[in-house]
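Participant: sequence? don't have it. structure:
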């Protein structure tokens, strides 16, 4: 009890230590010149105590930033002479480290008592100190903010050091748990909360080796040896080394060289509580699967550190060839504090570019929220760092595997509804509102009304949890897992194989990926296109798409094409940007930007040519200039128009040959008062910043455009403008000038975007149908969400206006309504409480053409004679051409506890065999049909099915419940162990054909009331109602009313009323009573058969005794004894002749016994006779026992029971004599009586005569 309490106390302490003290929805930093950051829902609580410890990050800009971008582009561009000529660590240090300035700041901090926690590239230094120290020596002030539950601190003020300074602890909350990880337990929570049926299925992770054709590289000795995978995660996993060793044993992989590198303070036990340990397990294991002999460097960062500091640390080490990042920050959250455009986006971009120039390939998960789940509408939903131009964004696919060899890939699609910032939406992709199109995406199509932004993902890999892969989690627990958290490390393992194949690092992957993908003769071989699936609102298609990018990597082919040398090399351009006199990274409208470019070819200066510089922002190409050679450099000047945001300044020679980065204009932070708005025009406040976060009042007014989003045509329509005017106001507890405006918002999804020289966005939904409160599902909840004509769509949610009239419409791509229904409120009782939910089924009409359809949910209230709309939201679902038909192939009889095979042939349209998909057999006692009107059983009833290409059938293993185990069916309790069981197979084909899943489409089999025990050594078990197969019985006693098959008996036992086949007895005695056996082998033992029938007996040094039994087919032949007379159970007296006939091979002796006493021995077989005098024995029951022995020592026995009854015979004779005497006496009496009567008659006659 003491130890238990100690463990509980330790766990409680660990939980307390690991609970973050703040909340953040993104990784946002504040500068030394900014006010504190206010997160939505948080308010000012007061100043931070001066004695509180704080973490402070100081950024010193590297030297010659323009050269960092130059080398990042030139070393990754296959048309550049510098392609794959990466910088060394010493070159990076010499060229970019701002040593002098950094040393001055470091000395200043040390001299004033700050403790150094981390430093990197002589550009970033992270220190620990108190708030009082920071205020005294750095000029920072600290405020505390809270939301009633959580609090965080953040700094503000003007720093006393000439560097960018940031201090806050709220980033740790956003990274307090992995944000792109889906586990089985999460799907169970989704399922239970929605009361739906979901098919659950998992594959061993090693199948991914053949899915991506890594096996072809393994055959060439390419397995990652001498290359290093980098993984960036947070908090830690104290057991990861032991887990990885166990994982290797389970999946027969070589041990990996794992190195754990803490970044900042390291508390790995916190990862167990937060879930980061699960993320680390997935990342390490799946990357190791793909590159079994690669080294793995696991960077475990403290979640309160800023991302630029972490990436700079990894750059400085330059240990890894590829870095996987399974996390991200939605742009909608980043824009809540626009100053993070610089402190997060632009600074980290620079460090990614620096790492790329070293040859590091940076990867990042694109997200799990689908096309709209991390924002309101598709804009604002892509995530950083996946949206960085120097990072390869890895989206999600669904992989269907058949065994032993095949596979098929589709997009990781949506369920049918849009979640709100949770991992429920499928592969995230779309268009950035922050990062412009990078050079390798120039010329790619942008949908109308969308910005000219960086698009994601670039490529994709397996992510779906329908089906998922198995990984080993802490405690060596095997669990299915998914999310784009899997995709990034999976590709990381793949990239080091490519590195090894070509003999060096690849660096930034995107330029070569886009170059290969645009080559139609290669695309489809090196990269597998994904052409089915959706993530709302985007659809997968051949070629590039916003769900899966270009597709997935075929490593065998891709490795070959990477080795092909490009002979069409272009010049390279170093691009420097200056204002009137000095190099600058910020420009304002009306300013002149001097573009200076050093253009060379293979190290030689280029003096002639036709070169153009363009300035590209989210608005597209806003200005350009033809460059002229001035005898030394190529130059041009542009006047910055009314534009804003990050700008890529690119030099072109037909293709982009050089680029640099700048920021144009000012930042705007919008502060909506609340999200749920039904009536009226809300007041929205705003602030204007410089890119460095300093509030300014450069104008008295500015305008913002109001847009409404329409899912049907996937466009943003401008519906109005808001004029923001300057007002003296107090924000964040500080007196700061702000702006304010009344804003007329449309019903539904809207976007507010600053105009002209001001950059800022806010996204929301106006009305009582709030995102995250409504779900749209097919009857089979999986990803993709699909439904067939004639089926229905489930719509469920809760409006904020309980008096509203809710309807749902099924709308095609042309905007036509093809079905509609009312969504009424339904009372629900749960946990003893009653509440309302709005739900109904929206029918899909028969003959509905296949394709993507929108589910439009409307909320209206009466307004006089009309209805006013107060809510509008939507989902999207795929309607398949038809259903998948299931043909069951299962045995109709089974035993309790047995494992049976479930087989099914599944066909789709026109009887075409379905080989790929996700299908589950739901098995349940038939009695459950009486308890449920529709199938809504959870996955405790599910048996996953896999396609066996050898058989051409879907198959699964089902272990039935019994008294010993619940088997697959963990709902089991005693009343349902036997009897009729129903089975329904449900799921989706790879291309969206769903099955039915009602009881009308079930099959039935019957479970007999016998407990099956298979392949066990039985030392103790219930003695009745058994079905034993392939077992060894090592116990004494009795087994009755059972079935035995292929059983070995090693202890003396009695079988009573048993049906058995293939039984072996070794060195023991077996008694069989009233049973039937077929195939009996006895080795050095004996068998006694009583009232039984036995066929095919093999004896080896053994004897057989039969009592009233029938035995046929004995090998080797044994004497056959027939006791002709007397008959069994006959009554014998006097002299009796026992007649026996013995038929055998070379009979040596026949012995006759009475009750075990030998009375006669014969030396031959044939007809034999023994005379006995039964009068010499007391009356009673005797056993006449005959044993025949052949010359080969094989013997047999036979016996009967008879009764000796001599005493009873004598008594019967005595009684007979007495009867004779009595009989004579009776006759004499009759004579006497007759004489008396005669004498009397004579006397009477005489008297009468005399008288």
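Facilitator: Everything's here; your move. All of these numbers come straight from a predicted model, not from anything done at the bench. Numbers count the residues shown, from 1 in each chain.

Participant: ok, then the element right after the helix or strand encompassing residue 284?
Facilitator: If you go by DSSP states H and E, residue 284 is part of helix 276-290. Moving toward the C-terminus from helix 276-290, the next helix or strand (DSSP H and E) is strand 295-301.

Participant: where exactly do the helices run in the stretch 251-400 of the chain?
Facilitator: For the stretch 251-400 of the chain, the helices defined by DSSP state H, counting those that start in this stretch cover 269-274, 276-290, 307-317, 331-334, 340, 347-358.

Participant: got a markdown table for these, with mean pLDDT too?
Facilitator: A markdown table is the format used below for the helices of the stretch 251-400 of the chain (pLDDT from 0 to 100):
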| stretch | mean pLDDT |
| --- | --- |
| helix 269-274 | 87 |
| helix 276-290 | 96 |
| helix 307-317 | 97 |
| helix 331-334 | 91 |
| helix 340 | 86 |
| helix 347-358 | 98 |
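
Participant: make JSON lines from these and add distance to residue 1108 and mean neighbour count to it.
Facilitator: C-beta here means a position set from N, CA and C on the backbone, and glycine is covered the same way. Output for the helices of the stretch 251-400 of the chain, formatted as JSON lines (distance: least, CB to CB, whole Å; neighbours: other CB atoms under 10 Å):
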{"stretch": "helix 269-274", "distance to residue 1108": "69", "mean neighbour count": "22"}
{"stretch": "helix 276-290", "distance to residue 1108": "66", "mean neighbour count": "28"}
{"stretch": "helix 307-317", "distance to residue 1108": "86", "mean neighbour count": "25"}
{"stretch": "helix 331-334", "distance to residue 1108": "87", "mean neighbour count": "25"}
{"stretch": "helix 340", "distance to residue 1108": "94", "mean neighbour count": "29"}
{"stretch": "helix 347-358", "distance to residue 1108": "90", "mean neighbour count": "26"}
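
Participant: redo those as JSON lines? Include distance to residue 1044.
Facilitator: Below are these laid out as JSON lines (distance: least, CB to CB, whole Å):
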{"stretch": "helix 269-274", "distance to residue 1044": "48"}
{"stretch": "helix 276-290", "distance to residue 1044": "44"}
{"stretch": "helix 307-317", "distance to residue 1044": "65"}
{"stretch": "helix 331-334", "distance to residue 1044": "66"}
{"stretch": "helix 340", "distance to residue 1044": "73"}
{"stretch": "helix 347-358", "distance to residue 1044": "68"}
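
Participant: quick revisit: tell me what the helix holding residue 284 is packed against?
Facilitator: For helix 276-290, the packing partners by 3 or more CB pairs under 8 Å, 6 or more residues apart in numbering; DSSP states H and E come out as helix 207-211, strand 228-234, helix 240-251, helix 269-274, strand 295-301, strand 468-473, helix 484-502.

Participant: mind redoing it with 6 Å?
Facilitator: For helix 276-290, the elements it packs on are strand 228-234, helix 240-251, strand 468-473, helix 484-502, judged by 3 or more CB pairs under 6 Å, 6 or more residues apart in numbering; DSSP states H and E.

Participant: and the longest one, how far from the chain's centre?
Facilitator: Yep, that's helix 484-502 we're talking about. Distance of helix 484-502 from the chain centroid (CA atoms, centre = their mean, to the nearest Å) equals 20 Å.

Participant: and what of the second one?
Facilitator: In terms of CA atoms, centre = their mean, the centre of helix 240-251 is found 19 Å from the chain centre.

Participant: and it, what's buried?
Facilitator: Of the residues in helix 240-251, 240, 243, 244, 247, 248, 250, 251 count as buried by neighbour count, 16 or more other CB atoms under 10 Å.

Participant: state the mean pLDDT of it.
Facilitator: Averaged over helix 240-251, pLDDT sits at 95.

Participant: which parts of the stretch 701-850 of the chain are strands?
Facilitator: In the stretch 701-850 of the chain, the segments counted as strands under DSSP state E, counting those that start in this stretch are 701-710, 715-731, 734-742, 748-754, 758-759, 761-766, 774-778, 786-787, 792-797, 805-811, 817-822, 825-830, 833-843.
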